[in-house]
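Q: sharing a model prediction with you, sequence too.
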Amino acid sequence: MPMTTVKPMTMTLSDLTRQTGLDVLDHLEMDVAIPVLAGPQAQGDLLIVPFDDLAGAVTVPEWARWRPVPPDGVEVLRGGAGGNPHTLVAEPHTCRWTEDVGDLENLALGVLWADHPVHLMHPEHGGSGIAPGTYVIRRQREGRGRTTGRVQRMYVYD
């Protein structure tokens, strides 16, 4: 059987909002292409980390309940006090999501598996493109470091 080459489709924020019905704030540029990245990335207070980068720290049990991610999305996290949601969106039958994870640091919200690019949307941050693969979506850990006697805020991406 001949192999079919799939041409990557460039997705803009305008395309994504039209496809999902999710809104973003007016200050965002709607016609800029959303890059699709395979490595670690951040969207606001969330990190998207390749699963293999967290080997041993994050696990998915055999009994995990995986659910399909629909085109209108799965809410991964809503900001404090009813704030804006981070929503994972995908084409039908291309992405699965589970919240059944073990995490030594209790930062993981869940794990996604995708065989096509998927997107994480947020009204203030727009869209982040995630390449096919398995990823952990987790909160950032706030730490405190000392420099010249002052306490500083830092984010650890481990």
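A: Perfect, I can see it now. Since we're looking at a predicted model, the values are computed, not measured. Numbers count the residues shown, from 1 in each chain.

Q: residue contacts, Glu105?
A: By CB atoms under 8 Å, 6 or more residues apart in numbering, the residues touching Glu105 are 57, 141. All C-beta atoms are positioned from the backbone trio N, CA, C, and that covers glycine.

Q: mind checking the SS state of Asp53?
A: Following DSSP: H, G, I helix; E, B strand; the rest coil, Asp53 is assigned to helix.

Q: quick check: it touching Pro40?
A: Yes. Contact criterion CB atoms under 8 Å: Asp53 and Pro40 qualify, at 6.7 Å.

Q: quick one: the helices in this structure, in order.
A: In the chain, the helices defined using DSSP state H lie at 13-20.

Q: low-confidence regions, it specifically.
A: Residues of the chain meeting the criterion pLDDT under 70: 1-9, 12-18, 20-31, 78-83, 122-125, 142-158.

Q: hmm, Val69 and Trp97 touching each other?
A: Yes. With contact defined as CB under 8 Å, Trp97 reaches Val69; the gap is 5.2 Å.

Q: where do the contact lists of these two overlap?
A: 88, 112.

Q: the two: who's more crowded?
A: Counted by other CB atoms under 10 Å, Trp97 and Val69 do not tie: Val69 has more neighbours, with 25 against 22.
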